[in-house]
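1. sequence unavailable; structure follows:
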């Protein structure tokens, strides 16, 4: 794919992301994306066959951008506790955002038909996050920052708590106090020193 084609595809994905944020996943049609991008239907079909393909690219872009923001925010001398706190603060911001989020679209995407194919992508994302979290907790355990007998179990627990909070944010709603309570419980369970805990 030439540079012009790469840029065109990126433009489509970035524009489609705005459409998915506004309408969710279920209600978005290829026509909606054609209109938002102001391109021909044929121009869109050169790159994507359906909204599912586009949405998978949107999620990939979201992950890359989140990874970049997270990586750029970590100081060279950051400890495992610093990194975990930064991660949890970013999660808190995401959970409390009322708009400009793809969460609703993501759940709609995964709850529609073809769960095996799509579920594998979601499972891979979750498993990858658990592995990264496990390494971070293990690093903190070795350095004496964390007290944890089962790093993998704790990593899974953290990711399940965050996933549950995302669902609550979309369904029943959550308050900053609720998010803080759950995050503080995680940090205290890991034995993070109270004077190092700041969620703002």
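-> Alright, I've got the coordinates. These numbers were taken from a predicted model, which means no experiment stands behind them.

2. tell me the helix or strand right after the longest helix belonging to the chain.
-> Taking DSSP state H as the criterion, the chain has its longest helix at helix 115-143. Sequence-wise, the next helix or strand downstream of helix 115-143 (DSSP states H and E) is helix 151-170.

3. how far does that next one sit from its chain's centre?
-> 12 Å (C-alpha atoms, centre = their mean, to the nearest Å).

4. name the helices or strands packed onto that helix?
-> helix 80-96, helix 103-111, helix 115-143, helix 176-189 (3 or more C-beta pairs under 8 Å, 6 or more residues apart in numbering; DSSP states H and E). From N, CA and C alone the C-beta is placed, and that goes for glycine too.

5. can I get those helices in JSON lines with distance to residue 39, mean pLDDT and mean neighbour count?
-> Formatted as JSON lines, those follow (distance: least, C-beta to C-beta, whole Å; pLDDT from 0 to 100; neighbours: other C-beta atoms under 10 Å):
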{"stretch": "helix 80-96", "distance to residue 39": "31", "mean pLDDT": "89", "mean neighbour count": "18"}
{"stretch": "helix 103-111", "distance to residue 39": "21", "mean pLDDT": "81", "mean neighbour count": "18"}
{"stretch": "helix 115-143", "distance to residue 39": "26", "mean pLDDT": "81", "mean neighbour count": "14"}
{"stretch": "helix 176-189", "distance to residue 39": "40", "mean pLDDT": "93", "mean neighbour count": "15"}
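
6. which among those is found nearest to residue 17?
-> helix 103-111 (9.1 Å; C-beta to C-beta).

7. neighbouring contacts of the closest one?
-> With C-beta atoms under 8 Å, 6 or more residues apart in numbering as the test, helix 103-111 has contacts from 20-21, 23-26, 28, 52, 55, 59, 118-119, 122, 166-167, 169-170.
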